[in-house]
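In: with the input below, show me the fold.
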Amino acid sequence: QVQLVESGGGLVQAGGSLKLSCAVSGRTFNNKFMGWHRQAPGKEREFVAVIGWNSAITYYGDSVKGRFTISRDKGKNTMSLQMSQLKPEDTAVYFCAGGVQGNGGTWSTAYYWGQGTLVSVSS
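Out: Residues are numbered from 1 along each chain as shown. Okay, the predicted model is just below:
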């Protein structure tokens, strides 16, 4: 059974930092993209970042470029998202995804999803 489990969410003040982690079990995504998406209350799920199998390729959503950094550790089968300069509009449930599909640059679909971790940014 494939599982993706996020951790690290919580409440942080605007301007602060937070690091999310995703632990994968049941398979590896060594030849697939992995990524993060988020969904704010009342909004559609939004692409945040993806990382290629060798970590050389990364793409970010426009709203997080320059503030968030995605990374992965193939040996540990984990992925992380370092978030800095957080803004209230970053408040959302953040989902880890494995086998993310390009979909013409939208990165909107994936084979596997985690249950999500809540990030709340206060002003």
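In: please state the offset of the lengthiest strand in the chain from the chain centre?
Out: With DSSP state E applied, the strand covering the greatest number of residues in the chain is identified as strand 92-101. In terms of C-alpha atoms, centre = their mean, to the nearest Å, the gap separating the centre of strand 92-101 from the centre of its chain is 5 Å.
In: which residues touch the helix or strand just after that strand?
Out: Past strand 92-101, further along toward the C-terminus, the next helix or strand under DSSP states H and E is strand 109-113. The list of residues contacting strand 109-113 from outside it, by C-beta atoms under 8 Å, 6 or more residues apart in numbering, reads 2, 4, 32, 35, 37, 95-101, 103. All C-beta atoms are positioned from the backbone trio N, CA, C, and that covers glycine.
In: just the CA trace of strand 109-113, in CSV.
Out: C-alpha atoms of strand 109-113 as CSV (Å, rounded to 0.1, in the frame of the first residue of the first chain):
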residue,chain,number,x,y,z
THR,A,109,-2.7,15.7,-11.5
ALA,A,110,-0.8,13.0,-9.7
TYR,A,111,-1.0,9.3,-9.1
TYR,A,112,-0.8,9.5,-5.4
TRP,A,113,-1.8,12.1,-2.8
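In: right, and the helix or strand after it?
Out: For strand 109-113, the following helix or strand on the C-terminal side (DSSP H and E) is strand 117-122.
In: picking that back up, pull the CA atoms of the longest strand of the chain into PDB?
Out: Written as PDB, here are the backbone C-alpha positions of strand 92-101 (Å, rounded to 0.1, in the frame of the first residue of the first chain):
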ATOM      1  CA  ALA A  92      -4.100  26.300   3.100                       C
ATOM      2  CA  VAL A  93      -4.000  22.600   3.500                       C
ATOM      3  CA  TYR A  94      -0.700  21.400   1.800                       C
ATOM      4  CA  PHE A  95      -0.700  18.100   0.000                       C
ATOM      5  CA  CYS A  96       2.200  15.900  -0.900                       C
ATOM      6  CA  ALA A  97       1.900  14.300  -4.400                       C
ATOM      7  CA  GLY A  98       3.800  11.400  -6.000                       C
ATOM      8  CA  GLY A  99       3.900  10.900  -9.800                       C
ATOM      9  CA  VAL A 100       2.900  14.400 -10.600                       C
ATOM     10  CA  GLN A 101       1.900  14.900 -14.300                       C
END
